[in-house]
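Enquirer: Provide a 3D model corresponding to the input given below.
(3 chains)
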Amino acid sequence: MTPVDYLELALTFSTELVLLVTLGLVLFLDLRGWLGSTLAVRSQRGATLTAVGLVLAGGVLLTFPPVADAPAGSFVLTQTTLWVKLALLGLSLASVLLLAGSEITEHVGEFCALFLLATEGLLLMVGAENLLMLFVALELSSLSLYALTALNRRHPDASEAALKYFLIGSTAAAGTLFGLSLLYGLTGTLQFSLLTARIGSHIGDPLLWAGLALTLAGFAFKVAAVPFHTWAPDVYQVAPGPAAALVAAGSKLAGFLVLLRLLHAGLAPIPGTASGLPFQSGWMPAVALLAVASMAVGNLAALAQTRVRRLLAWSAIAQAGYALVGILGPTTDATLAVQYFAFTYGLAVVGLFGVLEALAAAGESDEISSLAGLWRRSPLLAVCFTTFVLSLAGIPPLAGFLGKFFLFVAALKRGQPLDHLWLVAVALGFSVVSLYYYLKLLKPVLVADPAPEVRPLPVPRLLALTLVVLAAAVLVLGIFPTLLLGSGTL
Amino acid sequence: MNSWPLLSVLTFLPLLGALLLAVFPLPTRAVVRSFAVGALALTALLMAKFDLGTSGLQFVEKAPWIPSLGVDYFVGVDGLSLLLVLLTALLLPLAWEVAGPERTSERSFGALFLLLQSALFGTFTALNFIHWFLYWELGLIPAYFLIKLWGHDDRRGAATQFFVYTFGGSIAMLVAMQAVYLTAGTFDLIQLRDLAATGELARRLPERLTGWGPELRLLLFLGVFVGLAVKVPLFPFHGWLAPTYSSAPPSVTVLLTGAMSKMGVYGFLRILLPLFPQETRTLLGPLVALTVISLVFAAFAALAQTNLRRMLAYSSMNHLGYAVLGLLVAMDPAARANPGASPAVTALAGAVLQLFNHGITAGALFACVALLERRLPQGSNLEHLGGLRAVAPVFAGLMGLSVFASLGLPGLNGFISEFLIFAGVFPLAPAAALLSLPGLLVSAWFLLNLMQRVFLGPATPACRGFADLNVREIATLAPALGIMLLLGVFPQVALMFLNPTIQGYLTRMAP
Amino acid sequence: MLAWTLYLSFGAAVASFASARCCPAVARWIALLGSVGGLVLGIVGALTLPAGGGLNTLVQVPWIPWLHAEYHLAADGISVVLVWLTGLAATAGVLFSWNLKHRAGEFFGWYLVLVGAVYGVFLSWDLLLLFVFYEIAIVPKYFLIAIWGSTRREYGAMKLALYSFAGSAAVLVGLVAAYALGGATSFNLSTLAAQPVAESVQHGLFALVFVGFAVLAGLWPFHTWAPTGHVAAPTAASMMLAGVIMKLGAYGCLRVAMTLFPAGLAPWAGVFGALAGIGILWGAVVALRQTDFKFVIGYSSVSHMGFVLLGLASATTLGLTGAVLQMFSHGVIAGLLFAVVGRMVYDRCHTRNLDELSGFALARVLPWIAVTFVIAALASMGLPGFSGFVAELKVLTGAWNRFPGWVAVAGLGLIAGVAYTLRAIQRVFFSGEPETAGTAPGHALEPVSLPEKLGTVLLVAATLVVGLYPRLLLDWILPALQTPLFAELRRRAGG
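Expert: Predicted coordinates for the structure are as follows:
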C-alpha cells in the first residue's frame, strides 16, 4: 500500500471541496452577514452564492483531466463520470437559481447548505467504485433531500411528506445495504471490477438473486420506479421548488447512471431468461418488469391528476420506466442514451418547477386550472412551460424526443435486432397515452382565456433568464445532440 | 391531315364564347348568336371539304396527351359523326331563339348554352375514349345547371336525378373501359376497334386479367351498355327521362332531346358495337328484345300522359328505340354473310338517319312547346289546350307539320328513316319488327290524339287570345321545317354522307 | 434551393411568433411572404434540379454520428409534386385567413411551423429526420384547432393529436425495427430499403408502419379523427389538414412502409384494398347524411383519400402514379372546398347547417362563392377536365386487375359522391326562394374580398391545369417510381 499523498487526494476531491467551502460560506453568511435583510434578498444572495460555488466546482472539475481507471480505488473519474458530474452540477445550478428571490423558506442558509450537501452526495455517488462508498454517498444525498423537502413554509404538510419520503427511503436504503452485504458476502469484495470477475461462480445461488433484488430496490427508489414510487407524488407536491427540482432532475440522473453501472459493470455476467423472452442477462427481466410497471402505473395515474405537481410526479415515474428500457441496451449505447435522456429530462423538469415557482410566488395554487390564460398573463412563462412540457411529451425537435429515441435504440441494439421490440412498442404505446395529459397541461396555458381580472405575472429577472436558458438548451440540444454526446461514432 | 385544325376550332369556339360570357359583361344575345353562326359556318365548311368518297376518318388531329395512360388528343369525323355535328350546329340557334328574352339576357344562361354545344361537338368528334369521356361528362354540367336554374316545378329533384343517373351509368362504363385498357394498353377507339375486329382483344383479355372466366367479357359489355343506355334512354334506365324533359325549360329540352340523347346512340355505334362485336352477337336476342320492350313501353307511356312535355319525352324515347333497334339488328350474324349490300346496311343507314331526323323533329316540337309556353305558362298541361288552330293557324300549321314528321308521314323526313329501319329489320329479325309495330301504331295514335286535343275543337278559355307566331318566330322554325321537307323528299342529301361510312363500318366489323 | 422551403417556413414562423407581442397585424404578411416564398422556391428549386423526377440529394451532413443519423434532404419527383402541393395549399390557406384577427401572430406562427414540418417530411431522406418532421407537425395541428377552431374544437383537437400520435408511435416501432435489422448502421432510406429482411418479419412490420401512416391518411376505420378534426379546425387549418396533412400519411405509406418492407404488402394487399374500398363508399354515404356543411366535406375527404390508399394497395405503377396524383389533386380540391365552407360561407353566415344556409340565397347574393363551390364540387366529383378525374382513373385502372370488386365499390362511391355534392350545392346555394332573398339575413353579407378571390383562382387554376395537362405532374411522378428505391416493389408487382 502506497502512502497517501494528501495533496493528490485534495486535488482528486477538489470539486467536492469547493462545494464544501461554499457550503460553509453560505451558512456563515446567512447566519451572520445577511441578518438584517429581507427574506427575498437573503434567498437571492444565498442562491447566487451557491450558484457561484457550483460554477466554480465545475470549473475545477474541468481543469483536472480525468485520471485513468483505478481498479483498486474507491472512486474513479472516467470520461463518463466526468460528464455526469458536470451535468449534475449544471442541473443543480439551474435548480438552485429557482431559489433566488423566493420566500419559500426562512432558513436560507440551511437550505443552501443542504442543497450543496445533496449535490455533493450525488457527485460522490456517481464516482464511487466501491459498494460501501456508493452506499454512503447515496445516503448523504438522500438524507439531505429528506430535509430539504421539509423546508417549505408555504405547505404546512411538507414535513409529513418529508417523513414519508424518509421512511420509504430508509427502508429502501436498508434493503440496498442488505443487498450489498449479500453481494459482498458471496464474492468477498466491494469493488465493482472484482465483483464482476467473481460473481460468475455464484450463478444460481438464491442469495445472489436476493442480493440483486434488494440492491435494485434501493435504486428503484432513487429513480422513483414502480413499486418504489409512492413517495414521489407527495414530495413533488410539497417540496420547495428548488428541492423538488433537484430530486426530480439531479438525483434521477445520478440514480440512473449508478444503476446502469451497477447492472452493466457489476452484474453483467449473470445469465438468465424469462419465460421464453430473450434476455441476455439475469437482471434484465427484473428491469424490464420494473420498466413496464413504471410506464403503466405512471402514465395511467397521471391521467387522473388535477394538480400540476402531482401530474409531474406521475409522469416522472413513467419517464423512469422509459429510462429503464434504455438501460437494457449494450453498455456504451445505454450509457450515452441514459446520459442524454436524464440530463435533458432534468433540464425540462427544473424548468417546469421554475415556472411553477413563479406561479406559486404569485399566490396561484397548483391546480391545472390556475394555469388558465398564462399566454396572456406571461407569454414568457407560457412559452417556456410549453417547451418543457412538449419536451417531456417527446415532441421533436425538443430534446425529450431524441432522449426517448436513444433509449429505445439502445434497447434494440442488445441481442438479436428485434429482441426488445415489444418493450419499445409498449413504451411508445404509453407515450401516446402521455400525450393526452401533457396536452391537458398545455390546454389552459395556451388555449384558455384568462379569468376576467387579468393580472400579469411578474417573473424575477434571474428566474426568467434561467428559464429562457433552460428552454433554449432543451431546443438546441434536441436539434444538435452532438453538443452533449460528442460527434464520435460507435 | 388538314393544315387547319378545323375540328378543334369547332369544339373550342363555343367554349371560348362561354368563357367570354362568364368573365366579361358582354351582350349575351349578340355573343351567343355570333358564336352559333360561327359554328354553323364552320360546320358548313367541314361539309364542303368532306370527301364523300371515302369511308375513313377525315380532318384527323392527333397528339399525345397522357401517354402513361394511352390517352391522346384525337379527333376526326366520318359521315356518321359529321351528321351529328351538323345536327348540333343546327339545333343550338333554334333552341336559343325560342328560349325567351328573360333567359337569353342572362349571361350565365348563354355561357352554359355554349358550353353544352362545345361538349356536344367534342363528343361527336373525339376518338380516344378518355378524350370522348371528357366531353361526355362535360355535357352534364351545363345541362344540370340549365335545368336547375331555369327549370320548372320540381326542377331540383329532376336535375339531380338526371345527373346521378347519367353519372352512375358513366361510372359503369368507365370501370369496364379500364379493363379494356388493361387488356389492350390503349384507349384509342380506332385501335381498339381494329383489335376487336380481329378477335385480338377477346384473346388477350383472359391473359391480361387473370382470374376471370368468360363472364368477364359479358360484364364489360354490360358495363358499357348500361352507361350508354342510360343516356338514350332504354327501358329500364329511363327513370330520369320524363321528370327531366318536363321540368327543363323547353328550349333546353330542344338540345337535350335533339342532340344530347344522340350521344348515347352514338356511343353504341362508336364504342359498344365495335369493341364488343362477339358479345353483341351473343346477347343480340336479349338486347333486341329489350329495345322492342323499350320502344313499345315508351309509346304506351306517352299515350298515358296528360302533360305535353312528358308526352313528347316518351315519344323521343320511342323514336330513339327504333334507331337502336336498327343498329342492333345490323349486327345480326346473318348479315355478316354479305356485308356491303344487305339489309344490315339499310337498317344501319336508317338508324343513323333516324338520329338526325329525330333530332330535327323533336327539336322543332320542343321549340314549338317553348313558343307555346311563352304565351301560356301552363301550356304544356293538355287540359288547358284546345282549339288552337282557329286562334293561331300559323302555329298550328307549323307544329302540326312537326308532329306529322314525327309520326312518320310519307313525304316528311321521319318516314324515310323509319322505313329504312324496318326495311332492314324485317328480313333480319321479322319477329322484332312485328313486335315493334304496336309501337308505331300507338305512336301514331297518341300523336294524332295530341293534334286533335290541341288544335281542333273549340278554343279553351286559356287559349283565347293566343297570339300567333310572328315573322321572327316563323323564321326561327323555318330551317328545321325546311330540313324535314327536304329530307322527306330527297333523303339522298343526307344518305350520301352516310353511305360510304356505313359500308366501311360494317365491312370492318366483319371478322 | 428546395431545402430553403423549410428554412423559410420555420424562419417565417419565428418571425410571426415574434410579431405576436409587438405587431400582430404584420403576421399575415409574414405568413404570406413565407408561404408564397415556399411555393416559388419549390417551383424554381424543382426546375433547377439536374434530372426531372429522379432522386437528387439536396443536403447531406452528419447529424447524430453515434446513430449514423444524417441531416439528409433529398427530392425525387414525388417529393417535388407534394412540395408544390404544400406551397399551393399553404399560400391559399394564408389568403383565406386574411381576415383572422384573434391572436394572429401565434396563429400564423403555428401555421408556418406546420407548413415547414410538412416540407421537411416530403424532403427528408433520412428516416429519423423524416419522423422528426412528421412529429413536429402534430403539435401545431392541436393548437390551431384548440385555439382558433369552432365546433367541439377541444375534442376535435385532442382526438386528432392522439390519433396522429398513436399512428406515429406505430410507425416509430417499425422504423427502429428496420434500423435495428440493418445493424443500426444507417437511417438512410435507400440503404434500409435495399437491405434484405426476412419475409415473415416484413409482413408484421409492414402492417404496423402502413397502418401507422394510414391513420393520418384517413384509412377506414381509423378515419374518425378526420371529420371531427376538419370540422373543428379553422379554415386555413382544415385546408392544410385535408389538403396536405392527410397526404403526409399517404406519403409515408408509399415512401416508407412500402419501400422498407416491399414483401410485406402481399399478404395485406387484400385487406388494405378492402379497407380503402370501404372507406371510399363509407365516406361518401356518410357525407350524404350530414346536415353540417363542413361535415359533408370532411367525410368526402375520407372518401377521396380512399382512392389514394386503393392505389397504394394495388402496388402497380399505374395505381401508385394515380395515388400520388390523387394526393395532389385532393389536396387542391379539398383546400378549395374547405375554403368555401369555412371562410366564404361560415364567416359570413355564421352557420353551417345546410337548411339554415338555404335561407341566405347565396347564389344570388354572392355568386362568386356559388361559382367557386360549384367548380370545386365538380372537380371533387371527379369530372373529366379536373385533376381528380385523371388521378382516380389511374387509381381505378391500376387497381382493376387486383381488386375488381373494390373498384366497383369505388365506382359506387363516386356515384354517392355526386349525390352528396349535388345535395350540398342544392341545399346551400340554390334553395333560397327568390322572393325571400331580399329579406334573408344574407342581405348584408360582406362582399368577397380580394385575397379570397386570389386564393380561389390559385386553387382552381391548379386543379384545371393538372386536369387538362396531367403530364405536368406525371412527368415527375413516373421517373420517381422508376428509381431503385421502388425496384423491389416493381419487381413484385410485375411478378
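
Enquirer: Next, the contact list for residue A:217, please.
Expert: Neighbouring residues of residue A:217 by C-beta atoms under 8 Å, 6 or more residues apart in numbering or on different chains: A:172, A:175-176, A:179, A:228. Every C-beta, even on glycine, is put in place using the N, C-alpha and C of the backbone.

Enquirer: Farthest pair within those?
Expert: Within the contacts of residue A:217, A:179 and A:228 form the most distant pair, 13.2 Å apart (C-beta to C-beta).

Enquirer: Give me the more crowded residue out of the two.
Expert: residue A:228 (25 against 22; other C-beta atoms under 10 Å in any protein chain shown).

Enquirer: pLDDT value on the residue of the stretch 51-200 of chain A found nearest chain B, please?
Expert: Closest residue of the stretch 51-200 of chain A to chain B, C-beta to the nearest C-beta: residue A:83 (56.9 Å). Residue A:83 is assigned 89 on the pLDDT scale.

Enquirer: Which element, helix or strand, includes it?
Expert: Residue A:83 belongs to helix A:79-97 when assigned by DSSP states H and E.

Enquirer: Averaged pLDDT, whichever helix or strand comes after that helix. What do you get?
Expert: Using DSSP H and E, the helix or strand that follows helix A:79-97 in sequence is helix A:108-127. Average pLDDT, helix A:108-127: 92.

Enquirer: again with stretch A:441-452
Expert: Mean predicted confidence for stretch A:441-452 is 86.

Enquirer: Residue A:300 and residue A:434 touch, don't they?
Expert: No - Residue A:300 is beyond contact range of residue A:434, at 9.9 Å (criterion: C-beta atoms under 8 Å).

Enquirer: More neighbours: which of the two?
Expert: residue A:434 (24 against 15).

Enquirer: which other helices and strands contact the helix or strand hosting that one?
Expert: Assessed by DSSP H and E, residue A:434 sits inside helix A:421-442. The contact analysis (3 or more C-beta pairs under 8 Å, 6 or more residues apart in numbering or on different chains; DSSP states H and E) places helix A:421-442 against helix A:284-303, helix A:308-327, helix A:379-393, helix A:399-413, helix C:153-181.

Enquirer: Compute the inter-axis angle for the helix holding residue A:83 and helix A:108-127.
Expert: Here helix A:79-97 runs at an angle of 160 degrees relative to helix A:108-127 (axes from the mean of the first three to the mean of the last three C-alpha atoms, to 10 degrees).

Enquirer: Kindly confirm whether my reading is correct that residue A:485 touches residue C:66.
Expert: Yes - in terms of C-beta under 8 Å, residue A:485 counts as a neighbour of residue C:66; the distance is 5.8 Å.

Enquirer: any residues in contact with both of the two?
Expert: residue A:336.

Enquirer: Given the longest strand that chain B contains, what are its sheet partners and their directions?
Expert: As assigned by DSSP state E, the longest strand anywhere in chain B is strand B:58-66. Using DSSP bridges, the strands paired with strand B:58-66 are strand B:71-77 (antiparallel).

Enquirer: Which residues does the partner strand contact?
Expert: Contacts for strand B:71-77 (C-beta under 8 Å, 6+ apart): B:7-8, B:11, B:46, B:50, B:57-65, B:85, B:124-128, B:130-131, B:187-188, B:190.

Enquirer: any idea how far residue A:37 is from chain B?
Expert: Distance, residue A:37 to chain B, using C-beta to the nearest C-beta, to the nearest Å: 79 Å.

Enquirer: repeat for residue A:400
Expert: Going from residue A:400 to chain B by C-beta to the nearest C-beta gives 46 Å.

Enquirer: In the stretch 251-400 of chain C, what residue comes closest to chain A?
Expert: Closest point on the stretch 251-400 of chain C to chain A, by C-beta to the nearest C-beta, is residue C:261, at 13.1 Å.

Enquirer: in stretch B:100-117, what's buried?
Expert: Within stretch B:100-117, the residues that count as buried by 16 or more other C-beta atoms under 10 Å in any protein chain shown are B:100, B:103-104, B:107-117.

Enquirer: ok, now stretch A:350-365?
Expert: A:350-361, A:364.

Enquirer: chain center to whichever helix or strand residue C:278 is part of, what's the gap?
Expert: Using DSSP H and E, residue C:278 maps to helix C:265-288. Helix C:265-288 has its C-alpha centroid displaced from the chain centroid by 18 Å (C-alpha atoms, centre = their mean, to the nearest Å).

Enquirer: does it come close to chain B?
Expert: No - using C-beta under 8 Å from any C-beta of the partner chain, helix C:265-288 stays clear of chain B, coming no nearer than 11.1 Å.

Enquirer: Just the buried residues of that helix, please?
Expert: So helix C:265-288, judged by 16+ other C-beta under 10 Å, has buried residues C:265, C:268-269, C:272-288.

Enquirer: what does stretch B:374-382 give?
Expert: B:374-376, B:379-380, B:382.

Enquirer: Surely residue C:78 and residue C:478 touch.
Expert: No - with contact defined as C-beta under 8 Å, residue C:78 does not reach residue C:478; the gap is 10.0 Å.

Enquirer: out of those two, which sits in the busier spot?
Expert: Set residue C:78 next to residue C:478 and count neighbours by other C-beta under 10 Å: residue C:78 wins out with 29 against 19.

Enquirer: where's residue C:84 relative to residue C:12, distance?
Expert: According to C-beta to C-beta, to the nearest Å, residue C:84 stands 18 Å off from residue C:12.

Enquirer: contacting residues around residue A:148?
Expert: A:111, A:114-115, A:118, A:239-240, A:243, A:246-247.

Enquirer: 6 Å - rerun?
Expert: Neighbouring residues of residue A:148 by C-beta atoms under 6 Å, 6 or more residues apart in numbering or on different chains: A:114, A:243.

Enquirer: From chain A, how far out is the residue nearest to the spatial centre of chain B?
Expert: Centroid check for chain B by C-alpha atoms, centre = their mean gives residue B:262 as the closest residue, at 1.7 Å. Distance check for residue B:262 against chain A: by C-beta to the nearest C-beta, it reads 60 Å.

Enquirer: Repeat that for residue B:400.
Expert: 76 Å.

Enquirer: mind checking which helix or strand of the chain has the lowest mean pLDDT?
Expert: No chain was given, so I picked chain A. helix A:6-12 (a mean of 76; mean pLDDT, DSSP states H and E).

Enquirer: that's the wrong chain, I meant chain C
Expert: helix C:434-437 (a mean of 48).
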